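Enquirer: pasting the structure only:
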């Protein structure tokens, strides 16, 4: 009788024998020959053996964003991820070919993007790495600059995605309190915010809570875009404090997710309302279908403070096989890093570069409402620019109307770019007013 293994066309009598026949025949094909490596992937010369197990993990890290063009890797530019990938490779926890295609080869994902110069006191990335490498955290940190630091590595489920599994994100924004000074007060480093202004500011921030259409608070979004709907859980201002003779306040905002520039624009419009450049009605209008010009506050004071994984931790954090993604065990280490690398950088940079003072010098250029245009209350906004003083040795001062007129064209040393924009805008205002009067 002809052997079924010698003739694959022979019909077996049962499914079980069919399965056995196919398996045996496959093995016969794989190993029928003199080449011992037949059926195996050839090894490239110099390729390293990787005997370790590769598992999905969450890596917790903190960093100061100064000098970096954001979090996401961008070939040819200095980013946080480019530094991290280089350190992972040198530490031996990933393969070189995985770094070339991190998304497809090791399921790499970041929980949140940060823009140029923005820092993080609680960032998370998830990916597959060799978990048997001894002292992986220490080895990775040894190849990172001091302003980027890995806190820990935690085993996760196979399907864990640090971005999609994140239930909420908390950001903070540190700013000199003079950014909220009323329009008729002199803005300088000795300004001290009052309780009334703090109360007014908190009332403004409360308006952001809930679900709104934030299409005007980012770029590339239309009013009908469903992805522009975002849920804000809380938005609070903390008590003022003084550092290097400048008073600061910290804003803390928590939401499900945020779009590009959203927090900086939320902060910018809050400053404009506090300074009386526009009233609170602009918020309701900005959430509607109309296009609204929203100023974007400087990125210096923005910090990704914490990522929340409540749903994941509740389901897997106590199953005995995986760890909860939370920060309590690193609290002291985080606070020390904040003080030494994040807050100190913000305070020093603000003192030296005066980014907020310069930005306030351009705030009057925003007309906010595209429908009414720049004629809306524009001249008082131009005059408000002249209340910016640096240096200033006195507290808040009220500038008399006659004095404001004399200072309308004052040189405030806010930079050539700001001065050029101001001159162009003032000429546009004069032309528009003349046309309006003659009609």
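Expert: Structure received. These numbers come from a predicted model, not from an experiment.

Enquirer: quick check: mean pLDDT of stretch 77-93?
Expert: Mean pLDDT, stretch 77-93: 96.

Enquirer: and the contacts of that stretch?
Expert: 61, 63, 65, 67-74, 94, 96, 99, 102, 110, 114, 125, 129-130, 133, 136, 139-145, 148 (CB atoms under 8 Å, 6 or more residues apart in numbering). Quick note: C-beta positions are derived from backbone N, CA and C, even for glycine.

Enquirer: same thing but at 7 Å, please
Expert: 63, 67-73, 94, 96, 99, 102, 129-130, 133, 136, 139-140, 143-145, 148 (CB atoms under 7 Å, 6 or more residues apart in numbering).

Enquirer: list buried residues within those residues.
Expert: Listed as buried from the contacts of stretch 77-93 are 63, 68-71, 73, 94, 99, 102, 129-130, 133, 136, 139-140, 144, 148; burial here means 16 or more other CB atoms under 10 Å.

Enquirer: now do the strands in the chain.
Expert: Using DSSP state E, the strands found in the chain span residues 54-63, 109-110, 119-130, 148-155, 168-176, 210-213, 229-237, 241-243, 246-255, 302-308.

Enquirer: mind pulling the model confidence for the residue nearest to residue 239 when sequence neighbours are not counted?
Expert: Nearest residue to residue 239, sequence neighbours excluded (CB to CB, 6 or more residues apart in numbering): residue 249, at 7.7 Å. Residue 249 carries a pLDDT value of 99.

Enquirer: count of residues packed around residue 249?
Expert: Using other CB atoms under 10 Å, residue 249 is surrounded by 21 other residues.

Enquirer: which residues touch it?
Expert: So residue 249 contacts 175, 177, 193, 237, 238, 240 (CB under 7 Å, 6+ apart).

Enquirer: which residues pair with it across the strands?
Expert: residue 175 (DSSP bridges).

Enquirer: change the start of the numbering to 4 and stick with it
Expert: In the new numbering, first residue 4, that becomes residue 252.

Enquirer: look up how far residue 107 lies from it.
Expert: 44 Å (CB to CB, to the nearest Å).

Enquirer: kindly report the same for residue 343.
Expert: Distance from residue 343 to residue 107, by CB to CB: 37 Å.

Enquirer: who has more neighbours, those two?
Expert: residue 343 (13 against 9).

Enquirer: do I have it right that residue 239 meets residue 273?
Expert: No - Residue 239 is beyond contact range of residue 273, at 11.9 Å (criterion: CB atoms under 7 Å).

Enquirer: pick out whichever of these two has more residues nearby.
Expert: A count of neighbours by other CB under 10 Å puts residue 273 above the other of residue 239 and residue 273, at 26 against 14.

Enquirer: I'd guessed that one sits against residue 209; true?
Expert: No - using CB under 7 Å, residue 273 makes no contact with residue 209, being 10.7 Å away.

Enquirer: how far out from the middle of the chain is stretch 139-157?
Expert: 20 Å (CA atoms, centre = their mean, to the nearest Å).

Enquirer: just the residues contacting that stretch, thanks.
Expert: Taking CB under 7 Å, 6+ apart as the rule, stretch 139-157 contacts 60-67, 83, 86, 89-91, 93-94, 96, 136, 326, 328, 333, 336, 340, 344.

Enquirer: and those, which of them are buried?
Expert: 60-67, 83, 86, 90-91, 94, 96, 136, 326, 328, 340, 344.

Enquirer: what's the overlap in contacts for residue 239 and residue 273?
Expert: What both residue 239 and residue 273 touch, as defined by CB under 7 Å, 6+ apart, is the set residue 208.

Enquirer: the helices in the stretch 254-403 of the chain, which residues?
Expert: 265-277, 284-289, 313-319, 334-340, 347-356, 358-363, 381-388 (DSSP state H, counting those that start in this stretch).

Enquirer: rewinding a little: ok, the contacts of residue 252 vs residue 122, which is closest?
Expert: Closest approach to residue 122 among the contacts of residue 252 (CB to CB): residue 178, at 14.2 Å.

Enquirer: give me the neighbour count for that closest one.
Expert: Neighbours of residue 178 (other CB under 10 Å): 24.

Enquirer: the residue lying closest to residue 113 once chain neighbours are set aside bridge partners, please.
Expert: Distance criterion CB to CB, 6+ apart; nearest residue to residue 113, sequence neighbours excluded, is residue 128 at 5.1 Å. Residue 128 forms beta bridges with residue 62, residue 113, as assigned by DSSP bridges.

Enquirer: I'd say residue 128 and residue 110 touch.
Expert: No - using CB under 7 Å, residue 128 is not in contact with residue 110, being 10.6 Å away.

Enquirer: neighbour-wise, which of the two wins?
Expert: Counted by other CB under 10 Å, residue 128 and residue 110 do not tie: residue 128 has more neighbours, with 23 against 16.
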